[in-house]
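Q: predicted model and sequence below, questions to follow.
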Amino acid sequence: MAAHGAVDGLVNNAGIIQPFVPVAELGHEDIRRVLEVNLMGTINMVKAFLPLLLARPEAHIASVSSMGGCFPFPGQTLYGASKAGVRLLTEGLYAELLDTRVGVSVIMPGAVATAITENSGVSIAATDSGGFPMTPPDRAARIMIDGIERNRLHVYVGRDAQVMSLTIRTAPRLAIRLVQKQMAKLTQGQATPAGR
């Protein structure tokens, strides 16, 4: 408030992934870290800024979930759970704020060409890119901004996000099996936390 005088929008964009291991092999420290950054970070920001946003003539909250929050990726189960929490938190806010001047959007990116793996402190030894299409960051940002400006509840970022949304609803078992095979090729069971 001291720097800007007023706040009219909040974009919750925190996100780190977990080491590429099954839940049975995931340490409690890694679990807590992912939940604290991804879910609690979003909750804390909403709690801090919502009273200010409610006082504005018009405002908006956008939280970046992930397609991993509605489509299971083996080796990223806790990441997916944290982002599913972000999605449901944001949809709950949408319901609570319907009769206010605060708009709400949940953003669900597919694969975006960022350094999330490295920034999460996770390394992955992969034989190839897995064939996943990547949305450039500037294109992803434009899609997000357009969705916020249009006051959309759900904003899908990337063609892969749109396809995943459709397939998980229409053929969930087939979709999960296909992703499981892709993830197995990508990781080859060799991923470890960086620096460990």
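A: Good, I have the coordinates.
Q: give me the pLDDT value at the residue lying closest to residue 159 once chain neighbours are set aside.
A: Of all residues not flanking residue 159 in the chain, residue 133 sits nearest, at 6.4 Å (Cβ to Cβ, 6 or more residues apart in numbering). Where C-beta positions appear, they are placed from N, C-alpha and C, glycine not excepted. For residue 133, the pLDDT comes out at 75.
Q: I'd say residue 133 and residue 158 touch.
A: Yes - shown here, residue 133 and residue 158 form a contact pair, counting by Cβ atoms under 8 Å, at 7.0 Å.
Q: and the two? Which one has more around it.
A: Set side by side, residue 133 and residue 158 show more neighbours around residue 158, with 22 against 12, by other Cβ atoms under 10 Å.
Q: by contact count, what packs against the helix or strand where residue 108 lies?
A: Per DSSP states H and E: residue 108 is located in strand 102-109. Counting contacts by 3 or more Cβ pairs under 8 Å, 6 or more residues apart in numbering; DSSP states H and E, strand 102-109 is packed against helix 41-54, strand 59-64, helix 77-96, helix 137-149, strand 154-157, helix 159-170.
Q: out of these, which comes closest to residue 71?
A: helix 159-170 (4.8 Å; Cβ to Cβ).
Q: could you point out which element follows that closest one?
A: helix 172-187.
Q: low-confidence regions, the chain specifically.
A: Within the chain, the segments meeting pLDDT under 70 span 124-132, 187-196.
Q: residues near residue 178, how many?
A: Neighbours around residue 178, by other Cβ under 10 Å: 12.
Q: same thing with residue 92?
A: 11.
Q: what does the one 4 residues further on give?
A: Taking other Cβ under 10 Å as the criterion, the count of residues near residue 96 is 12.
Q: quick revisit: and the residue nearest to residue 159, what helix or strand is that in?
A: Going by DSSP H and E, residue 133 is not in any helix or strand.
Q: ok, it - contacts?
A: 110-111, 158-160 (Cβ atoms under 8 Å, 6 or more residues apart in numbering).
Q: quick check: phi and psi at residue 29.
A: Here is the backbone geometry of residue 29 (degrees, to the nearest 10): phi -60, psi -40.
Q: can you count the residues close to it?
A: The number of residues near residue 29, taken as other Cβ under 10 Å, comes to 9.
Q: so residue 113 sits against residue 135, correct?
A: Yes - counting by Cβ under 8 Å, residue 113 touches residue 135, with 6.8 Å between them.
Q: how close does residue 101 get to residue 29?
A: 41 Å (Cβ to Cβ, to the nearest Å).
Q: next one: residue 177
A: In terms of Cβ to Cβ, residue 177 sits 31 Å off from residue 29.
Q: same question for residue 169.
A: Taken as Cβ to Cβ, the span from residue 169 to residue 29 is 35 Å.
Q: repeat for residue 115
A: On the measure of Cβ to Cβ, residue 115 and residue 29 end up 22 Å apart.
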